[in-house]
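Participant: using only what follows, build the 3D model:
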Amino acid sequence: MSGTWNLSLAPETVCYLIVKAREFDVKDVASELNPASNATDDSMISVLEDQPDDPVESELASIISDMNEDEQIDLVALCWLGRGDGNVDDWESIRADAAEAHNERTAAYLLGTPLLADYLEEAMSQFGESCQDYEKGHL
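Facilitator: The predicted structure follows:
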């Protein structure tokens, strides 16, 4: 299988998730729990803070939850591949483990995974894919 992308997810979809995961990961803790002014007066700083109603988190969770089971399994397996649970030659085994572990909490699990974007990007590179191919107007 070495280096051949044959997943239920399109590489473009994974790239989109990487972009969104990076947006989610850069959030900082909230500096004010109840700011008195509007976002414009605060130089839009609240956009960079982790808020309970974070639209990026909601969007990511929604995208992942809307995926079918095979897509969710592939996404988890990509995460595991990227974090070093094997290499692309171990894909079938890693995917089988992800299928065995699959449940209804995939979105929460992935959103709680530190470095998710890095793991997905690393896994894509093991398959010979790069988000740079999709960045110029393709996402």
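Participant: pull out the buried positions in stretch 120-135.
Facilitator: Under the neighbour-count criterion of 16 or more other Cβ atoms under 10 Å, stretch 120-135 has 120-124, 126-127, 129, 131, 134 buried. Every residue, glycine included, has its C-beta placed from N, CA and C.
Participant: from those, pick the one nearest S65.
Facilitator: L120 (17.1 Å; Cβ to Cβ).
Participant: what's the helix or strand for the closest one?
Facilitator: helix 116-126 (DSSP states H and E).
Participant: reformat the buried residues of stretch 120-135 as TSV; add distance to D97.
Facilitator: Shown next, in TSV, are these (distance: Cβ to Cβ, whole Å):
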residue	distance to D97
L120	17
E121	21
E122	18
A123	14
M124	19
Q126	16
F127	18
E129	22
C131	25
Y134	28
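Participant: tell me the one of these nearest Q72?
Facilitator: Minimum separation from Q72 among these (Cβ to Cβ) is found for L120, which lies at 13.4 Å.
Participant: that closest one is in contact with K20, isn't it?
Facilitator: No. Between L120 and K20 no contact is recorded; they are 10.6 Å apart, counting by Cβ atoms under 8 Å.
Participant: mind saving the C-alpha coords of stretch 63-76 as CSV?
Facilitator: Below are the C-alpha coordinates for stretch 63-76, written out as CSV (Å, rounded to 0.1, in the frame of the first residue of the first chain):
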residue,chain,number,x,y,z
ILE,A,63,-17.9,18.4,10.1
ILE,A,64,-16.6,15.4,11.9
SER,A,65,-20.0,14.3,13.3
ASP,A,66,-21.5,14.6,9.8
MET,A,67,-18.9,12.2,8.3
ASN,A,68,-20.0,8.6,7.8
GLU,A,69,-18.4,5.9,9.9
ASP,A,70,-15.7,5.0,7.3
GLU,A,71,-14.6,8.6,7.1
GLN,A,72,-14.4,9.0,10.8
ILE,A,73,-12.4,5.8,11.1
ASP,A,74,-10.0,7.0,8.4
LEU,A,75,-9.6,10.3,10.2
VAL,A,76,-8.8,8.7,13.5
